[in-house]
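Enquirer: from the sequence below, what's the structure:
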Amino acid sequence: MRKSNPKPERAIRVIKGRVVRAVYRQPECPEHAGNPLIEALPPVMTDDQIIERLKFYPRYDEAQRGEPDEVRSLLIQNGMKFFAPLDAHIDLARRLTNLLRMSYAGRNPMANEFPDVGPGKESFDQYEDQYKNQPDQLPLTASGFNIIGPSGVGKSFSIERALSLFPQTIHHSNYRGHDFTRSQIVWLKVDCPFDGNERGLASNVFRVIDKILGTTYYLNYAGKRRLQTELLDDLTALADNHYLGVLVIDEIQRLSLAKSGGAEKLLNFFGQLRNEIGLPVILQGNYKTLSVISGDFSQMRRGTGQGDIVWDLMEEDEQWQEFSETLWRFQYTKKRCSPDNKEKLTKKDLERDPNRVPKTLRQVLYEETQGITDFAVKVYMFAQEWAIDSGKEVVTAGIIRSAAKDKLRIPQEVLQALKTKDKRVLEQYEDLYHEAFKSYLHQQGGNVDVNGKIGSSPEVQEILEAAEATTEAQDNTEQTATPPSNENLPPSTEGKSNRKPSAKKRTKRVPAAQKGELPKIIDSLVNKDNNSAYEALRQAGYIESAGD
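Expert: Predicted coordinates:
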């Protein structure tokens, strides 16, 4: 019989890093000595070293501004591929540095294979204080963190730049006179499958490892018809065998599309990786991720060892100034301009608004993009193209506004809503503001600015705390409800702890809320009479006054 051709393998995006031979160095912490997985990692870097290694600026020459229009149009595209490290990127790199060392601290392969290589005992008593003398035998405590934020703020590209500080693969051959032939995978970044399927995630990881190491794990494991639980078990064993340091799962909000129970299974699997082999997992996605990761904000905030990152829109502060100055370095128009140049107001502008104050180009760009870095880079690029095509050869405030209006037509409604804090429009986009953020906007009557700084700004923390208070109200509903009085109870139950309300009470009492039900109640009743979330829950019968 003629064999059918094998099914072509689906293309997959693979983030590849450096491949190096192991070079062992003295670790910063004495407890990490004798652990080849840590000794082979790069030394801990200072902030200046992190900035120097993270930044990326394409080659630029002032003479390029004299090139023909078609050449400059191409150069503009290349010039926008820059990376300017900000405070949030330094924080992210520092977290990864700590996370990798904590990941490997409890997974020293020398502790069992070659006991004489690891930390020595101080006593011949095999039962004496063994945890103190053998820190590698301590329980595995590695845990990851979550990166949450709206689309376009640079989460994915930033984590990839931070990961590039570390080699992706380290090949070991000999450690302190002992054969130690291993391929250590320091980090791995994969996208969550489009449907949040467990088999799809396992397949993606197998295929990425194959691309990195030149192996055939995908054909050996995922290529066969096997149960999903078996695939996940194989994936766990594979991660353990290659000493995977950290696993990054991007686009985790896709778990919301998983079939019933699928999201919970994958989240449990990530917990299994952490508990069984000490592998930390970083989950990254937009605000839709919040409903996937946890049922409420309090669990999300307390469930990670490194602390979650709420990566919000950039504020118009010193970070924006630093970012825009870097952006302005790459000018290909014949006339140079500064981001501090002010717009020239016409007579018509002053007639419309006599109190209008001229804005700088930096301020105009922020106004048109609302701190979304992806939009800011694109609008500046479009503005230069517009200036060249029009023959003006200089970027002005009017050109920036025209470029934003013409090139960002689809997201204009969202950008305008961000400018005016129009909560009715913002609430239509769950990936921009989560349900809990909506509730907070309702409580504040729309008079709140949620455009926090990149990172965990005080404004974002305030929102998180307010949302946590709302979810805690749900958890404490039974405790805040008024206990039934003794006179309404049958004599046989009086004085007992398991009291039940009378029939009259039961007819008024609302059943326990299902998961996700309270936000809907809040939305429906808050809009009705401009009530607070607390008042909406009270009217629905979930909260009662102690005096009722």
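Enquirer: pLDDT below threshold where in the protein?
Expert: Scanning the chain with the threshold set as pLDDT under 70 gives 1-12, 112-142, 224-226, 256-262, 290-308, 430-548.
Enquirer: that one: strands as residue ranges?
Expert: Applying DSSP state E to the chain gives strands spanning 19-21, 146-148, 169-175, 178-185, 187-191, 246-250, 281-285, 309-310.
Enquirer: only the buried residues of the fourth one, if you could.
Expert: Of the residues in strand 178-185, those with enough neighbours to count as buried (16 or more other CB atoms under 10 Å) are 180, 182-185. Bear in mind the C-beta positions are built from the backbone N, C-alpha and C, glycine included.
Enquirer: now, which of those residues sits nearest Gln49?
Expert: Among the buried residues of strand 178-185, Gln184 lies closest to Gln49 (CB to CB), at 22.7 Å.
Enquirer: for that closest one, which residues make a bridge with it?
Expert: Residues in a beta bridge with Gln184, per DSSP bridges, are Ile170.
Enquirer: so His172 sits against Ile185, correct?
Expert: No - here His172 lies out of contact with Ile185, judged by CB atoms under 8 Å, at a distance of 11.8 Å.
Enquirer: which residues pair with Tyr175 across the strands?
Expert: Here Tyr175, judged by DSSP bridges, has bridge partners His178.
Enquirer: ok, how many other residues are close to it?
Expert: Tyr175 has 23 neighbours, counted by other CB atoms under 10 Å.
Enquirer: what's near enough to touch it?
Expert: By CB atoms under 8 Å, 6 or more residues apart in numbering, the residues touching Tyr175 are 22, 24, 36, 110, 117.
Enquirer: most neighbours of all the residues you listed, which one?
Expert: Using other CB under 10 Å as the neighbour criterion, Pro36 leads these with 24 neighbours.
Enquirer: that older thread, turn the strands of the chain into JSON lines, including distance to Asp340.
Expert: Listed next are those as JSON lines, based on distance: least, CB to CB, whole Å:
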{"stretch": "strand 19-21", "distance to Asp340": "44"}
{"stretch": "strand 146-148", "distance to Asp340": "33"}
{"stretch": "strand 169-175", "distance to Asp340": "46"}
{"stretch": "strand 178-185", "distance to Asp340": "47"}
{"stretch": "strand 187-191", "distance to Asp340": "38"}
{"stretch": "strand 246-250", "distance to Asp340": "37"}
{"stretch": "strand 281-285", "distance to Asp340": "35"}
{"stretch": "strand 309-310", "distance to Asp340": "30"}
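Enquirer: one step back: what about the contacts of Tyr175, which are in helices?
Expert: Among these, DSSP state H puts 36, 110 in helices.
Enquirer: ok, the contacts of Tyr175 vs Gln77, which is closest?
Expert: Using CB to CB, Ala22 comes nearest to Gln77 of the contacts of Tyr175, at 39.4 Å.
Enquirer: which ones are touching that closest one?
Expert: In this structure, Ala22 makes contact with 36, 40, 170-173, 175, 184, judged by CB under 8 Å, 6+ apart.
Enquirer: how about TSV for the residues you listed, with distance to Ser324 added?
Expert: As requested, the contacts of Ala22 are exported to TSV (distance: CB to CB, whole Å):
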residue	distance to Ser324
Pro36	45
Ala40	40
Ile170	39
His171	43
His172	45
Ser173	49
Tyr175	49
Gln184	40
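Enquirer: ok, these vs Lys392, which is closest?
Expert: When the contacts of Ala22 are ranked by distance to Lys392 (CB to CB), Ile170 comes first, at 53.2 Å.
Enquirer: ok, that closest one to Pro42 distance?
Expert: Distance, Ile170 to Pro42, by CB to CB, to the nearest Å: 10 Å.
Enquirer: and for Thr346?
Expert: As judged by CB to CB, Thr346 and Pro42 stand 56 Å apart.
Enquirer: and those two? which has more neighbours close in?
Expert: Between Thr346 and Pro42, Pro42 has the larger neighbour count (other CB under 10 Å), namely 16 against 10.
Enquirer: let me see the backbone angles for the more buried one.
Expert: In terms of degrees, to the nearest 10, the main-chain angles of Pro42 are phi -60, psi 150.
Enquirer: contacts only, for it.
Expert: By CB under 8 Å, 6+ apart, the residues touching Pro42 are 165-167.
Enquirer: kindly report the same for Lys265.
Expert: 198, 228.
Enquirer: re the thing from before, of all the buried residues of strand 178-185, which comes closest to Asp69?
Expert: Using CB to CB, the buried residues of strand 178-185 come closest to Asp69 at Ile185, 46.9 Å.
Enquirer: I figured that closest one hits Tyr243, correct?
Expert: Yes - the pair Ile185 and Tyr243 passes the contact test of CB under 8 Å, sitting 6.9 Å apart.
Enquirer: may I have stretch 408-422 exported as PDB, CA atoms only?
Expert: Extracted C-alpha coordinates of stretch 408-422, given in PDB (Å, rounded to 0.1, in the frame of the first residue of the first chain):
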ATOM      1  CA  LEU A 408      -5.400  55.200  14.100                       C
ATOM      2  CA  ARG A 409      -9.000  55.300  12.800                       C
ATOM      3  CA  ILE A 410     -10.100  52.000  14.400                       C
ATOM      4  CA  PRO A 411      -8.900  52.700  17.900                       C
ATOM      5  CA  GLN A 412      -9.900  56.300  17.900                       C
ATOM      6  CA  GLU A 413     -13.000  55.700  20.000                       C
ATOM      7  CA  VAL A 414     -10.900  54.000  22.700                       C
ATOM      8  CA  LEU A 415      -8.200  56.700  22.600                       C
ATOM      9  CA  GLN A 416     -10.900  59.400  22.900                       C
ATOM     10  CA  ALA A 417     -12.500  57.600  25.800                       C
ATOM     11  CA  LEU A 418      -9.100  57.400  27.600                       C
ATOM     12  CA  LYS A 419      -8.700  61.200  27.100                       C
ATOM     13  CA  THR A 420     -12.200  62.000  28.500                       C
ATOM     14  CA  LYS A 421     -12.400  59.100  31.000                       C
ATOM     15  CA  ASP A 422     -15.600  58.000  29.400                       C
END
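Enquirer: could you check it and say which residues are buried?
Expert: Residues of stretch 408-422 classed as buried: 408, 411, 414-415, 417-418, 421 (neighbour count, 16+ other CB under 10 Å).
Enquirer: now the nearest residue in space to Gln319 that is not next to it in sequence: how far from Trp311?
Expert: Closest residue in space to Gln319, ignoring its immediate chain neighbours: Leu86 at 5.3 Å, by CB to CB, 6 or more residues apart in numbering. Distance from Leu86 to Trp311, counting by CB to CB: 11 Å.
Enquirer: rewinding a little: and the contacts of Tyr175 as JSON lines, adding distance to Gln384?
Expert: Output for the contacts of Tyr175, formatted as JSON lines (distance: CB to CB, whole Å):
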{"residue": "Ala22", "distance to Gln384": "46"}
{"residue": "Tyr24", "distance to Gln384": "49"}
{"residue": "Pro36", "distance to Gln384": "50"}
{"residue": "Met110", "distance to Gln384": "56"}
{"residue": "Val117", "distance to Gln384": "59"}
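Enquirer: between the contacts of Tyr175, which is closest to Pro68?
Expert: Minimum distance to Pro68 across the contacts of Tyr175 is 50.3 Å, recorded for Ala22 (CB to CB).
Enquirer: these two touch, right, Thr360 and Asp340?
Expert: Yes - Thr360 sits in contact with Asp340 when judged by CB under 8 Å, with a separation of 5.2 Å.
Enquirer: please say which of those two ends up with more neighbours.
Expert: Thr360 (16 against 13).
Enquirer: spit out the contact partners of the more buried one.
Expert: Counting by CB under 8 Å, 6+ apart, Thr360 has contacts 339-343.
Enquirer: please name the nearest non-neighbouring residue to Arg325.
Expert: I think there's a mix-up here, since residue 325 is Glu and not Arg. Nearest one to Glu325, counting by CB to CB, 6+ apart, is Pro339 at 6.2 Å.
Enquirer: cool, His242 as well?
Expert: Distances taken as CB to CB, 6+ apart place Ile185 nearest to His242, at 4.6 Å, with adjacent residues excluded.
Enquirer: roughly how far apart are the one you found and Gly17?
Expert: In terms of CB to CB, Ile185 sits 10 Å off from Gly17.
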